[in-house]
Structures are given as structure tokens and as C-alpha cells.
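Student: Predicted model, plus sequence, below.
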Amino acid sequence: MAELATVLAQIERCQLCADNLPDAPKPILQFSSQAKILLAGQAPGRLARLHGRPFADPSGELLRRWLGVNEQQFYDPSCFAIVPMAFCFPGRGKSGDNPPPVICQQTWHQRLLALNSNIQLTICIGSYAQQFHMAKQSVTTLVQQYQQWLPSKIALPHPSPRNRYWLAQNPWFEQEVIPQLQARVASLI
């Protein structure tokens, strides 16, 4: 526990990306050594930064619906570890948020994830997390392969409102994948 507290305190003070962020670094994650489910996303969004909580935005509302959990369950660190590929809001780009700076993942992820041996399901949200935790394939391909990855991993598209088109073009996702995801999550919390 002391080691986890030390690593979390170091992350909280991290300044590695300070010169490349639009705002002062404000690492946002949720982690405990007891969590059985790891949510791996891209990076906190603008609203998450404002509220100081991961997925504190419409994306989080949809994600919780997909998971079949309420807000209290979602923000319980003994249920969910929320570890994005970068811990600070990377700023806006031309077609959405900027990519997560790689130095964050390279510096912190192995150290942090080694402090929880209870993870039984890794939910990879979006391409950056999927490439790190799963494979370098398209989001659609990895989401379609959900049966090959479960029970230990599953790929999801980002629940951003910007992905409405993807969701409309892939109705099988909510019909086939979401019930499997919800059943697996329910078995762990």
C-alpha cells in the first residue's frame, strides 16, 4: 500500500508534459489495488479536467450505460481502476482532442498496473488504449472480435457524441457486444 501511495503521489505531482499542454498539468485517474476492472481510455477530456473526475461528461454517461453500472459503482475505486493512456487533458486538435502524450504511458503505466494483481477485465476504450493493451488493428475490427478477447479484455469505441455515426453504422455493437459486456461487468462487481 505504501508503494501505491508513493506512485499516486508522484503522478499527482507529474510535470513531464507541462510544456506541451494547453493548461497546467492536472493528472486525473482512479486506482486501487483491489479493483477487478480496468478502464483504459485515451486521456481526460476538457470537462473531466474541469470537474477533476474521469468521464465527468456525456461520454461517461453513455459509458456507464454500456457497462450497466450507476455513478456510485463507476466511481468506486474498489470496482473500477480508470487509467487513461495519458493522465492530463492534452488539448483540442483539428478533429477532437489531441493524442495522449506517449511519455505518460511510458513513465507510469507499468509501475502503476504492477500494483494491482486483481484485474480480471481490461476494457480498452478507443484506439490508443487498444493498441497498448490489445493489438494494432482498427477499432471496428477489435470490437467485432469481442468473443476472442473475453473474458479478460474487450474493446469499445469511444463513447463520445462524435461517434454517433460509428454507432449508427454498427448497430450490432449495442445488440451483441453490450449485453456480453454488461454480463461480464456484473459478474465482477
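Tutor: Alright, I've got the coordinates.
Student: can you give me the offset of the helix or strand bottoming out on mean pLDDT in the chain from its chain's centre?
Tutor: In the chain, no helix or strand scores lower on mean pLDDT, DSSP states H and E than strand 96-97, which sits at a mean of 75. Relative to its chain's centre, strand 96-97 lies at 16 Å (CA atoms, centre = their mean, to the nearest Å).
Student: Walk me through which strands that strand pairs with, and which way each runs.
Tutor: As defined by DSSP bridges, the strand partners of strand 96-97 come to strand 92-93 (antiparallel).
Student: Contacts made by the strand it pairs with with the rest, please.
Tutor: Pro22, Arg46, Asn98, Pro99 (CB atoms under 8 Å, 6 or more residues apart in numbering). Just so you know, the C-beta spots here come from the backbone N, C-alpha and C atoms, and that holds for glycine as well.
Student: what's the pLDDT at the first one?
Tutor: Spelled out, that is Pro22. Pro22 carries a pLDDT value of 81.
Student: List phi and psi for it.
Tutor: phi -70, psi -20 (degrees, to the nearest 10).
Student: check contacts around the residue lying closest to it once chain neighbours are set aside.
Tutor: Spatial nearest neighbour of Pro22, chain neighbours left out: Gly91 (3.9 Å); criterion: CB to CB, 6 or more residues apart in numbering. Contact partners of Gly91, counting by CB under 8 Å, 6+ apart, are Leu21, Pro22, Asp23, Asp97, Asn98.
Student: quick one: the last one and Gly91, what's the gap?
Tutor: Asn98 sits 5 Å away from Gly91, taking CB to CB, to the nearest Å as the criterion.
Student: Would you check that Gln130 makes contact with Val139?
Tutor: Yes: Gln130 is within contact range of Val139, at 6.5 Å (criterion: CB atoms under 8 Å).
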